[in-house]
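In: kindly generate the corresponding structure for this input.
(one chain, ligands or ions: 1)
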Amino acid sequence: MDIQRIAGQKVIDFKSWGKHFLICFKNFTVRIHFMLFGSYRINERKEATPRLSLKFAAREINFYTCSVQFIDEDPDIVYDWTSDVMNDHWDPDKAQLKLNQQPTTLVCDALLDQNIFSGVGNIIKNEVLFRIRVHPESMIGALPNEQLRELIDEARLYSFDFLEWKKNYVLKKHWLAHTKTICPRCNIPLIKKYAGKTKRRTFFCTNCQILYQ
Ligand SMILES: [Zn+2]
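Out: Predicted coordinates for the structure are as follows:
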């Protein structure tokens, strides 16, 4: 990849969509995808070799263990900002429309669908479902309207809590279900299962999380 294309160019914007971080230049955009283990350092370096390192007049930013790609199209055409749960343009009604179109999908899979809930990952999935007391193997079409709306709303709310806690290094201590063995509400063992088509680690309580099917 012709990384030198960036040299001497001016950054005009930074954007994000889910786990994609976008560095915008006048005629192209650099897309960083953090995948599972990607990270970055601002004015700091890790021991590892960066995939991309940008040096500015006095500062620098380094990206590790991520995928780097050029996008030549306008990012507003490539990305649907309304599906990013943390974006100002997030549209919960549109998420509901998309969910209504797939009634047989399990909620644990729906939450991980980046076309509906861009930015939501496995931790957020487990915590949101615990918060709203919905069993991860419930079917979208069987959810009462109130629970469907809660699912959509909490996906965004929890994401902001997640960010706040992560920034303050207190994320893990706020987990109620993810990686836990006992339900904090019922004081009985939680179930751990690789649920749904996505087969990601899922933690839930069969007593206080209702199975809608
Ligand atoms: Zn419980």
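In: mind listing what's buried in the lengthiest helix in the chain?
Out: Counting residues, the longest helix found in the chain (DSSP state H) is helix 145-167. Going by neighbour count (16 or more other Cβ atoms under 10 Å), the buried part of helix 145-167 is 147-148, 150-152, 154-156, 158-159, 162. Heads up, the C-betas are built off the backbone N, CA and C, glycines and all.
In: columns distance to Leu112 and pLDDT on top of the residues you listed, output as JSON lines?
Out: Formatted as JSON lines, those follow (distance: Cβ to Cβ, whole Å; pLDDT from 0 to 100):
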{"residue": "Gln147", "distance to Leu112": "18", "pLDDT": "97"}
{"residue": "Leu148", "distance to Leu112": "16", "pLDDT": "98"}
{"residue": "Glu150", "distance to Leu112": "17", "pLDDT": "98"}
{"residue": "Leu151", "distance to Leu112": "13", "pLDDT": "98"}
{"residue": "Ile152", "distance to Leu112": "14", "pLDDT": "98"}
{"residue": "Glu154", "distance to Leu112": "15", "pLDDT": "98"}
{"residue": "Ala155", "distance to Leu112": "11", "pLDDT": "98"}
{"residue": "Arg156", "distance to Leu112": "15", "pLDDT": "98"}
{"residue": "Tyr158", "distance to Leu112": "14", "pLDDT": "98"}
{"residue": "Ser159", "distance to Leu112": "13", "pLDDT": "97"}
{"residue": "Phe162", "distance to Leu112": "15", "pLDDT": "97"}
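In: alpha carbons only: can I get the longest helix of the chain in PDB?
Out: Taking C-alpha atoms only, helix 145-167 is exported to PDB below (Å, rounded to 0.1, in the frame of the first residue of the first chain):
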ATOM      1  CA  ASN A 145     -42.500  -3.500  21.900                       C
ATOM      2  CA  GLU A 146     -41.300  -2.100  25.200                       C
ATOM      3  CA  GLN A 147     -38.400  -4.600  25.400                       C
ATOM      4  CA  LEU A 148     -37.500  -4.000  21.700                       C
ATOM      5  CA  ARG A 149     -37.300  -0.200  22.400                       C
ATOM      6  CA  GLU A 150     -35.300  -0.800  25.500                       C
ATOM      7  CA  LEU A 151     -32.900  -3.000  23.600                       C
ATOM      8  CA  ILE A 152     -32.300  -0.200  21.100                       C
ATOM      9  CA  ASP A 153     -32.100   2.600  23.700                       C
ATOM     10  CA  GLU A 154     -29.800   0.700  26.000                       C
ATOM     11  CA  ALA A 155     -27.400  -0.200  23.200                       C
ATOM     12  CA  ARG A 156     -26.600   3.500  22.900                       C
ATOM     13  CA  LEU A 157     -26.800   4.300  26.600                       C
ATOM     14  CA  TYR A 158     -24.600   1.500  27.700                       C
ATOM     15  CA  SER A 159     -22.000   2.400  25.000                       C
ATOM     16  CA  PHE A 160     -21.600   5.800  26.500                       C
ATOM     17  CA  ASP A 161     -21.300   4.300  30.000                       C
ATOM     18  CA  PHE A 162     -18.700   1.900  28.600                       C
ATOM     19  CA  LEU A 163     -16.600   4.700  27.100                       C
ATOM     20  CA  GLU A 164     -16.800   6.700  30.400                       C
ATOM     21  CA  TRP A 165     -15.800   3.700  32.500                       C
ATOM     22  CA  LYS A 166     -13.100   2.700  30.000                       C
ATOM     23  CA  LYS A 167     -11.500   6.100  30.100                       C
END
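In: cheers, nothing more for now.
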